[in-house]
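Engineer: Next one to model:
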Amino acid sequence: MESLSEATSGAIGALVSTTILYPLDTCKTKYQAEVRAHHQQKYRRISDVLWEAISTRQVLSLYQGIGTKNLQTFISQFAYFYGYSFLKRVYLEKSGNKSIGTRANLIIAAAAGACTVILIQPLDTASSRMQTSEFGKSKGLWKTLSEGTWKEAFDGLGISLLLTSNPSIQYTVFDQLKQRQLKGKLSRKTGTESSPAALSAFSAFMLGAVSKCVATILTYPAVRCKVMIQAAETEEDETQEAAERPKKTVSGAIHAIWKREGPLGFFKGLQAQILKTVLSAALHLMIKEKITKTTWVLLLALRKFVFINRSRLKSA
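Structural biologist: The predicted model follows:
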């Protein structure tokens, strides 16, 4: 029940935060996907992407791919939180410990993250391609995936698995800070089962921001390479010679960034990434913490309802 409650509240929180911040995410992704010498860059700042949408009267295109992104977000967050919560409970039951250590927390978070990444990678690839398409020319989910092979649908899988360290770091930092803040606080009880303790909205927001900021800075070069690998080819890319186009591999992305932008190119868009991910994570965890108790009570009521109906059917 607790695993299901964590998964449901986590998925809803992620869905709301993704929807609110989606235009910023689109601007950030298009900015990250561009790799050219400084004097040839179309977008010198992330705000240039926004002004392009406004000047071409394509403001609504900032939401292109939002359906796919929300589907990806809901599935990934539900799967991650369910797997993470379930594995954590199993570990505590088998080990007999009252709390989980940092090392075990990292391993469990990485395992849950790896399974989730493999499950939703085609949606992640499609979402990136839809966001980086020319404004007003984005295609639907099925058409985006059907244009390439299944192998291409898993573009960036290796680097996505590497990036499972991001949520692992984030949730480990968040959980450790949360445990310290809630230490000594008695759990409230509902019937014979205890209701999970929750942070205040402000505390959850601040802890979520700090934990995500740490994770983002440590993993950003991999994020930049991943976006380049998954980005859709624009009309300008198609006119380039094949030898000039960045290869859709990790080594190709690294070579293109180093050759055209230098070492600092691996951190292009870091400010925008931090702004988006920190706000997203903070909103996500704040919403999750506030609805966890409600979700818990609703699931208990649903289980009680099912149990009563089963008893009636058996007696009948």
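Engineer: Can you tell me the SS state at Thr100?
Structural biologist: Residue 100: Ile, not Thr. When classified by DSSP: H, G, I helix; E, B strand; the rest coil, Ile100 comes out as coil.
Engineer: Surely it and Leu92 touch.
Structural biologist: Yes - counting by Cβ atoms under 8 Å, Leu92 is a contact partner of Ile100 at 6.4 Å. Any C-beta I mention is one placed from the backbone N, CA and C, and that applies to glycine too.
Engineer: who's more crowded, the two?
Structural biologist: Ranked by neighbour count (other Cβ atoms under 10 Å), Ile100 and Leu92 place Ile100 first, with 21 against 14.
Engineer: And the more buried one, its phi and psi?
Structural biologist: phi -100, psi 140 (degrees, to the nearest 10).
Engineer: show me the contacts for it.
Structural biologist: Lys88, Tyr91, Leu92, Ile108, Asp175 (Cβ atoms under 8 Å, 6 or more residues apart in numbering).
Engineer: check contacts around the third one.
Structural biologist: Which is Leu92. Taking Cβ under 8 Å, 6+ apart, one finds Lys98, Ser99, Ile100 in contact with Leu92.
Engineer: For those residues, could you give me JSON lines that also reports distance to Leu279?
Structural biologist: As requested, the contacts of Leu92 are exported to JSON lines (distance: Cβ to Cβ, whole Å):
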{"residue": "Lys98", "distance to Leu279": "34"}
{"residue": "Ser99", "distance to Leu279": "30"}
{"residue": "Ile100", "distance to Leu279": "28"}
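Engineer: Going through the contacts of Ile100, which ones are buried?
Structural biologist: Buried subset of those (neighbour count, 16 or more other Cβ atoms under 10 Å): Lys88, Tyr91, Ile108, Asp175.
Engineer: Between which two of the residues you listed is the distance greatest?
Structural biologist: Farthest apart among the buried ones among the contacts of Ile100 by Cβ to Cβ are Tyr91 and Asp175. That separation is 12.9 Å.
Engineer: Lowest average confidence across helices and strands of this protein, where is it?
Structural biologist: strand 188-190 (a mean of 44; mean pLDDT, DSSP states H and E).
Engineer: Excluding sequence neighbours, find me the nearest residue to Leu71.
Structural biologist: Leu123 (6.2 Å; Cβ to Cβ, 6 or more residues apart in numbering).
Engineer: so which helix or strand takes in the one you found?
Structural biologist: Element membership for Leu123, per DSSP states H and E: helix 102-132.
Engineer: ok, the most centrally placed residue in the chain to Ala53 distance?
Structural biologist: The chain has Thr73 as the residue nearest its centroid, 6.4 Å off, counting by Cα atoms, centre = their mean. As judged by Cβ to Cβ, to the nearest Å, Thr73 and Ala53 stand 22 Å apart.
Engineer: One more: Pro221?
Structural biologist: Remark: distance between Pro221 and Ala53 (Cβ to Cβ) = 27 Å.
Engineer: Show me which of these two is the more surrounded one.
Structural biologist: Neighbours were counted for Pro221 and for Ala53 using other Cβ under 10 Å; Ala53 has more, 20 against 17.
Engineer: For whichever strand or helix holds that one, the averaged confidence score.
Structural biologist: In this assignment (DSSP H and E), Ala53 forms part of helix 46-55. Average pLDDT, helix 46-55: 90.
Engineer: Return the distance of stretch 66-79 from the chain's centre.
Structural biologist: Its chain's C-alpha centre and that of stretch 66-79 lie 9 Å apart, by Cα atoms, centre = their mean, to the nearest Å.
Engineer: In the stretch 101-250 of the chain, where is pLDDT below threshold?
Structural biologist: Counting by pLDDT under 70, the ranges of the stretch 101-250 of the chain that qualify are 167, 184-198, 234-247.
Engineer: got the contact list for the residue nearest to the centre of the chain?
Structural biologist: Per Cβ under 8 Å, 6+ apart, neighbours of Thr73: Ala11, Ala14, Leu15, Thr18.
Engineer: So it versus Val59, what's the distance?
Structural biologist: 22 Å.
Engineer: And for Lys69?
Structural biologist: 17 Å.
Engineer: neighbour-wise, which of these two wins?
Structural biologist: Lys69 (24 against 13).
Engineer: Nearest residue to that one in space, please, no chain neighbours.
Structural biologist: Ser127 (4.7 Å).
Engineer: Secondary structure element holding the closest residue to Cys225 other than its chain neighbours?
Structural biologist: Once flanking residues are discounted, Cys225 sits nearest to Ala253: 4.1 Å by Cβ to Cβ, 6+ apart. Element membership for Ala253 (DSSP H and E) is helix 250-261.
Engineer: same thing with Ser138?
Structural biologist: Here Ser138, judged by DSSP H and E, is contained in no helix and no strand.
Engineer: same thing with Glu134?
Structural biologist: Applying DSSP H and E, one finds Glu134 in no helix or strand.
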